[in-house]
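Chemist: What follows is a protein structure lacking sequence information:
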């Protein structure tokens, strides 16, 4: 497999997480909206819908190889903001804290992959 094909495959696999995740939010709007409301986010339902549409759109652009640099950097920002809003391990205890820390670590790896995607654009 050529290096260009590997880059394209990596982008598709990375993007699939965001596309599927963004679509999934529309099936779980009430609990995620409540989680955002509990964190003090104004207009949590609207924010979730807009963020989910962005997540799907940027993920599709990344997967299709269109505006890769901007799509990847936008998803970096999305991942950071989503983590700060929903993975507040600093306020948690026990298993919930451990799970949130593990999710933060996964997000850091995703951010690394997105940076590589942006750099290869």
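Modeler: Perfect, I can see it now. Only a predicted model underlies this, so the values are computations on that prediction, with no experimental measurement involved.
Chemist: Please, where are all the helices along the protein?
Modeler: 3-25, 29-38, 44-64, 68-86, 94-119 (DSSP state H).
Chemist: can you redo those helices as a markdown table with mean pLDDT and mean neighbour count?
Modeler: In short, each C-beta sits where N, CA and C put it, glycine included. A markdown table is the format used below for the helices of the chain (pLDDT from 0 to 100; neighbours: other C-beta atoms under 10 Å):
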| stretch | mean pLDDT | mean neighbour count |
| --- | --- | --- |
| helix 3-25 | 96 | 15 |
| helix 29-38 | 94 | 14 |
| helix 44-64 | 97 | 18 |
| helix 68-86 | 96 | 18 |
| helix 94-119 | 95 | 14 |
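Chemist: separation between the most centrally placed residue in the chain and residue 116?
Modeler: Nearest residue to the geometric centre of the chain (C-alpha atoms, centre = their mean): residue 79, 4.2 Å. Distance, residue 79 to residue 116, by C-beta to C-beta, to the nearest Å: 14 Å.
Chemist: How about residue 86?
Modeler: Counting by C-beta to C-beta - residue 86 and residue 116 are separated by 24 Å.
Chemist: returning to what we had before: what distance do you get for the residue nearest to the centre of the chain to residue 87?
Modeler: In terms of C-beta to C-beta, residue 79 sits 10 Å off from residue 87.
Chemist: Give me the common contacts of these two.
Modeler: Shared contacts of residue 79 and residue 87 (C-beta atoms under 8 Å, 6 or more residues apart in numbering): residue 107.
Chemist: Name all residues that make contact with the closest residue in space to residue 115 that isn't next to it in sequence.
Modeler: Nearest residue to residue 115, sequence neighbours excluded (C-beta to C-beta, 6 or more residues apart in numbering): residue 76, at 6.7 Å. By C-beta under 8 Å, 6+ apart, residue 76 lies in contact with 111, 114-115, 118.
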